[in-house]
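Enquirer: build me a model from this:
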Amino acid sequence: MFTVTLMTNSAMFLDRELVANLRNAMGGSDAIWLDPNHAAEFDIPKVPKSIETVYESLSAEGVDLAVQPKGDRKRKMLLADMDSTMIQQECIDELAAEAGVGEQVAAITARAMNGELDFEAALLERVALLKGLPEATIQTVLTNRITLMPGGDILLATMKANGAHCALVSGGFTAFTGAIAVKLGFDEHHANTLLAEDGELTGDVARPILGRDAKVAALDRITAEQGLTPADVIAVGDGANDLGMLQKAGTGVALHAKPIVQEQAQIRINHGDLRALLYVQGYVKSEFVTP
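Expert: Numbering: from 1, shown residues only. The predicted structure follows:
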């Protein structure tokens, strides 16, 4: 048996007739409405061969579709990327904009996140362009340029209220993950460290560099420390360097992700916000915790 979850963003309503028609076409059980306006699920005996076509058709209407094996889907750990996942920006692009090299760095970031460039080499190339930038610019960017992804606070508060451990693992920088971890309530955070001397960035980062393999290693290490397994984890990210952890976690979610990530991820969310990760786990809206 499998569970089909249908979700929309908060700006539109999930059509009840659409849910009923899809349930009937798939031979599904009665629909359970996780949110009376935005999310519903039902069980099906098998996944139809046309599921990708169904996904694309629903996506064109602003509806996200997730299909998972039936069972307890509530995970005991959240492992999250930061840039373009828990926040709406790429921190290095925002620093580069302050340094006057925004377009150049953003172009490299886009290619790296889509898997076209080696992550470590691309990171070093971009950070080198920040050499001489006042270290105080980091706080300026945090204050003026960084905004949280909608739903992240509710995702964290709800999972933590249900006993989950929450870890932020980023290929970005600790100067940002530290602030975001505190703001959202993550239990721990891991990222790269920008090096500075005499109040200015040196154009380098501390070694070892945290990239794709390091995110997988973090998943393994943190689950072992918590007495969990990768199957207990829901991971979320958007870039090619997130693929390893998305594929190893019990539930891997590509959130508004790059094409290469969407092609390989277990679950794709292109319309909803971070609250979709709660629907994917079977939480009903009445269980959501608002911090």
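Enquirer: residue 25: neighbouring residues, count only.
Expert: 12 (other Cβ atoms under 10 Å). No exception for glycine: its C-beta is placed from N, CA and C like everyone else's.
Enquirer: how far does the longest strand anywhere in the chain sit from the chain's center?
Expert: The longest strand of the chain (DSSP state E) is strand 165-173. Relative to its chain's centre, strand 165-173 lies at 10 Å (Cα atoms, centre = their mean, to the nearest Å).
Enquirer: from residue 75, how far out is residue 186?
Expert: 15 Å (Cβ to Cβ, to the nearest Å).
Enquirer: helices or strands next to the longest strand of the chain in the packing?
Expert: Judged by 3 or more Cβ pairs under 8 Å, 6 or more residues apart in numbering; DSSP states H and E, the packing partners of strand 165-173 are strand 77-80, helix 91-99, helix 152-161, helix 174-184, strand 188-192, helix 212-226.
Enquirer: out of the ones you listed, which one sits most buried?
Expert: Looking across the helices and strands packed on strand 165-173 with neighbours counted as mean count of other Cβ atoms under 10 Å, the highest average goes to strand 77-80: a mean of 27.
Enquirer: the spatially closest residue to residue 261 that is not a sequence neighbour: helix or strand, and which one exactly?
Expert: Nearest residue to residue 261 in three dimensions, chain neighbours excluded: residue 254, at 4.7 Å (Cβ to Cβ, 6 or more residues apart in numbering). Following DSSP states H and E, one finds residue 254 within strand 251-255.
Enquirer: please enumerate the helices of the stretch 1-150 of the chain.
Expert: Applying DSSP state H, counting those that start in this stretch to the stretch 1-150 of the chain gives helices spanning 16-26, 51-60, 91-99, 102-113, 119-128, 137-144.
Enquirer: of all those helices, which one is nearest residue 287?
Expert: helix 16-26 (20.3 Å; Cβ to Cβ).
Enquirer: contact partners of the closest one?
Expert: With contacts defined as Cβ atoms under 8 Å, 6 or more residues apart in numbering, helix 16-26 is touched by 4, 6, 28-31, 40, 42, 44, 48, 54, 58, 61, 63.
Enquirer: which of those are buried?
Expert: 4, 6, 28-29, 31, 40, 42, 44, 54, 58, 63 (16 or more other Cβ atoms under 10 Å).
Enquirer: just put those residues in JSON lines and tack on pLDDT and distance to residue 152.
Expert: Conversion of the buried ones among the contacts of helix 16-26 to JSON lines gives the following (pLDDT from 0 to 100; distance: Cβ to Cβ, whole Å):
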{"residue": "4", "pLDDT": "98", "distance to residue 152": "25"}
{"residue": "6", "pLDDT": "98", "distance to residue 152": "22"}
{"residue": "28", "pLDDT": "96", "distance to residue 152": "31"}
{"residue": "29", "pLDDT": "97", "distance to residue 152": "32"}
{"residue": "31", "pLDDT": "97", "distance to residue 152": "27"}
{"residue": "40", "pLDDT": "98", "distance to residue 152": "23"}
{"residue": "42", "pLDDT": "98", "distance to residue 152": "28"}
{"residue": "44", "pLDDT": "98", "distance to residue 152": "30"}
{"residue": "54", "pLDDT": "95", "distance to residue 152": "29"}
{"residue": "58", "pLDDT": "97", "distance to residue 152": "24"}
{"residue": "63", "pLDDT": "98", "distance to residue 152": "22"}
